[in-house]
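Sequence plus predicted model, see below.
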Amino acid sequence: MSYTDILVHLTDDPRNGAKAAAAFQLAQRFNAHVTALYTLPPPQHLYYMGEYVPPELFQRQADEARAAAAKAKAEFEAEAQKQGIIVDWLESERLPVDAIETQGRAFDLIVLGQPDPDPKDPAKVPAGVDILPHELALRAGRPILTIPYAGQYPAIGNRVMVAWNGSKEATRAVHDALPFLKTASKVVVFGINPDNSRGTPGAEMARHLARHGVKVEVAHTVVEDIEPGEALLSAVADQSADLLVMGAYGHSRLREMVFGGVTETVLNSMTVPVLFGN
Amino acid sequence: MPYRDLVLHLTVGNPEGLQVGIDYAVALARQSGAHLTALFTRPRLPLAYHYIPTSVIQEHSRTMELEAQAGRERFNEAIARADVAGEWVEVQGGSLEAIHCYGRTADLVLVNQTAGCSNDPILGREYGAELLRHDVAIGLGRPVLMFPCTPKPDASSERILVGWNASKEATRAVHDAMPLLQAAKSVDVLCVGRPDEAAAKGERLVNHLTRHGVTAQLVLRSGDDAAAGEILLAEAERLNTNLIVMGAYGHVRWREVVFGGATETMLEKAPLPVLFSH
């Protein structure tokens, strides 16, 4: 299977350019179509927090939102035309999670932005965007490529790190990432505190990937004092990986929110694009 | 991107399943150019068990040993004849863990419809058929291809029927089955529900499949969730399908057991192979 249809989420935030750039980069590599799903703020009601709000205020906000959408569309389509990529433009007033989940079913890959953990103006962050990758990873049924909230990523997937712990989420992520793995120049199957009972950790997965024509190595680390998510991000840096592939929420999201966990850590602190599977 | 690693699950006490399974899996492996692992599981017998005399237990142990040996010989003969790379693995006890362990580093796991089903009080002790199928499908993270013994399943997979309700399980199943869809002579997508909704969902999928090189026909039927399984089987018969592709357990299992549901219907009754993903 390859990536032939890519869905990228755009909205009224400054990362549209970076997300679109990532989607276009992949479209070039995999000869794919790109569809942008732009989410607008939901329609407002006359009463907000028990107070009557004049319709003119809403009208102005709605107009501004529409103008921002039109501008984003123009920029998106212009860049696509420059690169010779076939694109589609969809808009929705539903919450981003719902809109993307519904549309995303007939796509191979969904590109999102990591939410800014410390936005300058929290009021300007569109509704639902802060929990978007967290929620969508569990609901989409499709791999989620999350672009960090800062920085440019002109090369995604030349050197890939695969976080492998033998779980069902991890195997979903690995198999969803196969198009990346097969075109990478280096793939490392990486385990943290792995279970040694069945021979070299990761060896079975490496053998399977090799059968798929992937140039794969195996590595692992044992850590005690560092939280596994941090250890994983360190390893990504050590290996100079430009893409991390991992299963999302092997533990329940609620548990991770309370006790912390690898997925939460990576979603908060990722340094390179991450492909989540679940 | 064809399959490269298949796992065939076999158990004691099911000689018909073993024979049919080996033939089916070897044919599929040959078509795909894949490596085939036969995973033969048997319960770990206790030294003593309630009122059953030790001699009876030892007798069972010997029978299982002979069955395993016969199975291994038959398998090795079949892969040699078909020029398929393969491996025979035996596991005592912990069938579910073994299937998950081997299955997660493979592309597809094949199980017999009556897997694990045995009326023998000792052999049937480890796992009931329904539980095993359910737990394998839910926990694996890879597609499960379930085949019946009668009628003998057709490994050509030339005519495929996809049950599509745009759920996350269904989208996983379709994308997991892509190598088979791409190799098929005809693919039908069945959407059950209200006509306008079903048509919209179905058309999106058909367009997406076209981009993957799959020409699919859309079949619309009205009905509700509970009837979906029956409708799927009826269409499969009408279209002379030899493989069904569908999401498994879109609803939780207890709800399906009480209210009925497509997955349970298929597991009980499907007279042809079904590829499930969850």
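Arrived safely, thanks for sending.

Residue A:216 pairs with what?
Counting by DSSP bridges, residue A:216 is bridged to residue A:187.

That one: how many residues sit nearby?
21 (other CB atoms under 10 Å in any protein chain shown). All C-beta spots, glycine's among them, are computed from the backbone N, C-alpha and C.

what's it in contact with, if anything?
The neighbourhood of residue A:216, defined by CB atoms under 8 Å, 6 or more residues apart in numbering or on different chains, consists of A:181, A:187, A:188, A:189, A:206, A:209, A:210.

the domain parsing of chain A - what is it?
Domains of chain A are assigned by automatic domain parsing as A:5-147, A:159-277.

can you map out the helices along the stretch 101-250 of chain A?
Under the criterion DSSP state H, counting those that start in this stretch, helices of the stretch 101-250 of chain A are mapped to A:132-139, A:168-176, A:178-183, A:203-211, A:228-238.

Tell me which of those helices sits most buried.
Mean neighbours per residue, mean count of other CB atoms under 10 Å in any protein chain shown, is largest over those for helix A:168-176, with a mean of 24.

Within range of chain A, give me the residues from chain B.
Proximity of chain B to chain A, by CB under 8 Å from any CB of the partner chain, involves residues B:1, B:4-5, B:35, B:100-101, B:104-107, B:139-142, B:166-172, B:175-176, B:178-179, B:201, B:204-205, B:207-208, B:211-212.

if I look at the closest residue to residue A:15 other than its chain neighbours, how far off is chain B?
Excluding its sequence neighbours, the residue lying closest to residue A:15 (CB to CB, 6 or more residues apart in numbering or on different chains) is residue A:113, at 4.4 Å. Note on residue A:113: its distance to chain B, by CB to the nearest CB, to the nearest Å, is 22 Å.

Let me know how buried residue A:113 is, in neighbour terms.
Neighbours of residue A:113 under the rule other CB under 10 Å: 23.

Spit out the contact partners of it.
Counting by CB under 8 Å, 6+ apart, residue A:113 touches A:9, A:13, A:15, A:18, A:19, A:129, A:132, A:146, A:147, A:149.

Could you give the number of residues near the first one?
Think residue A:9. Using other CB under 10 Å, residue A:9 is surrounded by 27 other residues.

Could you measure from it over to chain B?
According to CB to the nearest CB, residue A:9 and chain B sit 17 Å apart.

you'd agree residue A:2 is up against residue A:27?
No: Residue A:2 is beyond contact range of residue A:27, at 11.7 Å (criterion: CB atoms under 8 Å).

Look at residue B:236 and give its secondary structure.
Under DSSP: H, G, I helix; E, B strand; the rest coil, residue B:236 falls in the helix class.

now residue A:83: how far from residue A:275?
22 Å (CB to CB, to the nearest Å).

rewinding a little: which stretch among the domains of chain A is buried most, on average?
The stretch of those with the highest mean neighbour count (mean count of other CB under 10 Å) is domain A:159-277, at a mean of 19.

how far does it stretch from start to finish?
18 Å (CA to CA, to the nearest Å).

State the mean pLDDT of it.
Across domain A:159-277, pLDDT averages out at 90.

Closest one of the contacts of residue A:113 to chain B?
Nearest to chain B out of the contacts of residue A:113 is residue A:132 (CB to the nearest CB; 16.1 Å).

That closest one reaches residue A:98, doesn't it?
No: using CB under 8 Å, residue A:132 makes no contact with residue A:98, being 10.7 Å away.

quick one on the thing from earlier: mind checking which of the helices of the stretch 101-250 of chain A is nearest residue B:190?
Closest approach to residue B:190 among these (CB to CB): helix A:132-139, 23.6 Å.

Quick one: list the elements packing against that closest one.
Applying 3 or more CB pairs under 8 Å, 6 or more residues apart in numbering or on different chains; DSSP states H and E, we find helix A:132-139 packed against helix A:96-104, strand A:109-113, strand A:144-147, helix A:262-269.

How about the shortest one and chain B, touching?
It refers to strand A:144-147. No: using CB under 8 Å from any CB, strand A:144-147 never reaches chain B; the gap is at least 12.2 Å.

Alongside chain B, which residues does the stretch 1-150 of chain A contribute?
Contacts of the stretch 1-150 of chain A with chain B, taken as CB under 8 Å from any CB, map to A:1-2, A:4-5, A:33, A:101-102, A:104-108, A:139-142.

before we move on, back to that, take the contacts of residue A:113 and keep only those in strands.
Counted as lying in strands by DSSP state E, out of these, are A:9, A:146, A:147.

in terms of contact, does the first one touch residue A:114 like I think?
No: Residue A:9 is not in contact with residue A:114 according to CB under 8 Å; the separation is 11.7 Å.

What spatial separation is found between whatever residue of the stretch 151-278 of chain B ends up closest to chain A and residue A:172?
Residue nearest to chain A within the stretch 151-278 of chain B (CB to the nearest CB): residue B:168, separated by 2.9 Å. Distance, residue B:168 to residue A:172, using CB to CB: 11 Å.

for residue A:162, same thing?
Taking CB to CB, one finds residue A:162 at 12 Å from residue A:172.

Report the secondary structure state of the closest residue to residue B:15 other than its chain neighbours.
Here the nearest residue to residue B:15 in space, its sequence neighbours aside, is residue B:67; by CB to CB, 6+ apart that works out to 7.1 Å. When classified by three-state DSSP, residue B:67 comes out as helix.

Neighbours of residue B:67, how many?
20.

That one touches residue B:12, doesn't it?
Yes: with contact defined as CB under 8 Å, residue B:67 and residue B:12 form a contacting pair (5.3 Å).

List the contacts of the residue nearest the centre of chain A.
What sits nearest the mean C-alpha location of chain A, by CA atoms, centre = their mean, is residue A:146, with 2.0 Å. Neighbour list for residue A:146: A:112, A:113, A:114, A:133, A:267, A:270, A:273, A:274, A:275, A:276 [criterion: CB under 8 Å, 6+ apart].

TSV for the residues you listed, including distance to residue B:234?
Supplementary listing: the contacts of residue A:146 in TSV, determined by distance: CB to CB, whole Å:
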residue	distance to residue B:234
A:112	40
A:113	45
A:114	47
A:133	41
A:267	45
A:270	48
A:273	46
A:274	44
A:275	40
A:276	38
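
Chain B: which of those residues is nearest?
Proximity of the contacts of residue A:146 to chain B (CB to the nearest CB) peaks at residue A:276, which lies at 13.5 Å.

residues in contact with the residue in the stretch 1-150 of chain A that chain B sits nearest to?
Residue of the stretch 1-150 of chain A nearest chain B, by CB to the nearest CB: residue A:141 (2.9 Å). For residue A:141, the contact set (CB under 8 Å, 6+ apart) comprises A:104, A:105, B:167, B:168, B:169, B:171, B:172.
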